[in-house]
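Q: Sequence first, then the predicted structure, then my questions.
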Amino acid sequence: MLLLPLLGLLAACDRAVLDPAGDVARQQRDIIYISTGLMLLIIVPVMILIVVFAWRYREKKGGTYDPDFDHSTSLELVIWSAPLLIIIALGALTWSSTHLLDPFRPLDQVANDQEPSAPREAPLRVQVVSLDWKWLFIYPEQGIATVNDLVLPVNRQVRFDITSTNMMNTFYAPTMAGMIYAMPGMQSTLHAVLNRPGDFEGYSANYSGAGFSDMRFRLRGVDDAGFAQWLAQARASGRSLDDASYMQLVKPSEKVPAMHFAAVSPDLFQRIFERCVEPGQTCMSEMMDHDRRRGGGDPHAVRPGAGMPQGRNSAPLHGEKPEGAIFQSPEEIDEVPNVTAPTNPDAAPGVTEPGAPRNRNISSLSLPRSPLSAAPTRA
């Protein structure tokens, strides 16, 4: 009876992870099943043996009570060998799946029943941008963009290029693939596929502020004809995602409805990734190119290791001789004698010779004089 409320809570859980709509999600679900089964090979026998041992080796009448028992070779063999074999199996499964399901790795096949020798269609490219608190999807090959609405043709591999504007988030569509982080100034990649049509949901799985709970997007799998029809509807919206409209879109907002843009700036995603959409900002590629070409009479000469214009405490440009001794070889350093100021009565005990025994005397304690001690005594 006490467990009934917990069962009620479990009834509200979403089974999207265990109900995959794509080959990648299916493989991840199988890993969960296999891992759980392997761990249950230890958990279930241990739970049963707890009851069996407590009953069989009880002290009361009918029990096999042996207070002098201290060792059993066969029991030790079972206790250590079974977990070791399970750990080896889990390790092999983890190692192989980590490489096979690497999100940067293109898919070997888009469906479980596909022949390995079947011709591979070029993946559909979708650029994903995490905003506050909404998702921007750019289809560069189709020249459109959407907000909180991701439509994909079934049985076609999709390559997602993922980044963020100013806060770390997690792109997660559980029926299609696993979680991939979206980080500012960085680009992640995910290869995935949907193998059956349907209406699913994706969201952010990383807390990112007030609008996190409603940072969700609609994921739809359609056939080729449905995808072409949806593209025509998006192009009929008449709106264009240029720099001005993007600067309005990037402002924090919650519960944003789906939006479609008939046109998008070709390099918008790259400038978002390089953090140079706003006027006056320098793109990271331009900054690195400036760093690479810095210095010399020829403005086009490449000087490896050359840096940006020097600031205070910055390292010198490549090729220039530093002044500090830390940058010099031992032969270039001019040794000078270490001169200590003359001692005075108020100085701490010690002598100027480094090897003098008095310098190792730590038994003497000299307290600083109080400022009041020099004041004249009042009558």
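A: Structure's in. What do you need?

Q: Which of the helices and strands in the chain ranks last by mean pLDDT?
A: Least confident helix or strand, the chain: helix 4-11 with a mean of 60, by mean pLDDT, DSSP states H and E.

Q: avg pLDDT for the longest helix seen in the chain?
A: Looking across the chain with DSSP state H, the single longest helix is helix 23-56. In this model, helix 23-56 carries a mean pLDDT of 90.

Q: Packing partners of that helix?
A: Counting contacts by 3 or more Cβ pairs under 8 Å, 6 or more residues apart in numbering; DSSP states H and E, helix 23-56 is packed against helix 73-100, strand 188-192. Quick note: C-beta positions are derived from backbone N, CA and C, even for glycine.

Q: helices or strands up against the shortest one?
A: In this structure, strand 188-192 packs against helix 23-56, strand 158-164, strand 180-182, with contacts taken as 3+ Cβ pairs under 8 Å, 6+ apart.

Q: If we go by neighbour counts, what in the longest one is buried?
A: If I follow you right, that is helix 23-56. For helix 23-56, burial by neighbour count (16 or more other Cβ atoms under 10 Å) applies to 23-29, 31, 35.

Q: Output the residues you listed as a markdown table; include the columns distance to residue 79.
A: A markdown table is the format used below for these (distance: Cβ to Cβ, whole Å):
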| residue | distance to residue 79 |
| --- | --- |
| 23 | 39 |
| 24 | 38 |
| 25 | 37 |
| 26 | 36 |
| 27 | 33 |
| 28 | 32 |
| 29 | 32 |
| 31 | 27 |
| 35 | 21 |
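
Q: Nearest to residue 265 among those residues?
A: residue 24 (30.6 Å; Cβ to Cβ).

Q: Let me know which of the helices and strands packed on helix 23-56 is the nearest to residue 161.
A: strand 188-192 (6.0 Å).

Q: Can you tell me which of the helices and strands packed on helix 23-56 is packed in deepest?
A: Each of the helices and strands packed on helix 23-56 was scored by mean neighbour count; the highest is strand 188-192, a mean of 19, by mean count of other Cβ atoms under 10 Å.

Q: next SSE after it?
A: Where DSSP states H and E defines the elements, the next helix or strand beyond strand 188-192 is strand 198-204.

Q: For whichever helix or strand comes after that following strand, enumerate the helices and strands it packs against.
A: Helices and strands here follow DSSP H and E; after strand 198-204, the next one along the chain is strand 216-222. Secondary-structure packing of strand 216-222 (3+ Cβ pairs under 8 Å, 6+ apart): strand 134-139, strand 149-153, strand 198-204.

Q: Which one of those lies nearest to residue 227?
A: Judged by Cβ to Cβ, the one of the helices and strands packed on strand 216-222 that comes nearest to residue 227 is strand 149-153, at 4.3 Å.

Q: Does anything pack onto that closest one? Which helices or strands?
A: Where contact means 3+ Cβ pairs under 8 Å, 6+ apart, strand 149-153 is packed against strand 124-131, strand 134-139, strand 216-222, helix 224-235.

Q: Contacts for the third one, please.
A: It refers to strand 216-222. For strand 216-222, the external contacting residues (Cβ atoms under 8 Å, 6 or more residues apart in numbering) are 21, 134-135, 137, 148-154, 173, 175-176, 194-204, 230, 258.

Q: Same check on the shortest one?
A: Strand 134-139 has contacts (Cβ under 8 Å, 6+ apart) with 124-130, 144-150, 171, 202, 204, 215, 217, 231, 241, 249, 253, 256, 264, 268-269.

Q: go again using 7 Å as the cut-off
A: Residues from elsewhere that reach strand 134-139, judged by Cβ atoms under 7 Å, 6 or more residues apart in numbering: 126-129, 145-148, 150, 215, 217, 253, 256, 264, 268-269.

Q: Same question for the longest one.
A: With contact meaning Cβ under 7 Å, 6+ apart, helix 224-235 is reached by 142, 144, 146, 151, 153, 222, 260, 262.

Q: now with 8 Å?
A: With Cβ under 8 Å, 6+ apart as the contact definition, helix 224-235 has outside contacts at 139, 142, 144, 146, 151-153, 197, 222, 260-262.

Q: Any chance of JSON lines for those, columns neighbour count?
A: Formatted as JSON lines, those follow (neighbours: other Cβ atoms under 10 Å):
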{"residue": "139", "neighbour count": "19"}
{"residue": "142", "neighbour count": "16"}
{"residue": "144", "neighbour count": "21"}
{"residue": "146", "neighbour count": "24"}
{"residue": "151", "neighbour count": "21"}
{"residue": "152", "neighbour count": "24"}
{"residue": "153", "neighbour count": "20"}
{"residue": "197", "neighbour count": "15"}
{"residue": "222", "neighbour count": "18"}
{"residue": "260", "neighbour count": "20"}
{"residue": "261", "neighbour count": "24"}
{"residue": "262", "neighbour count": "17"}
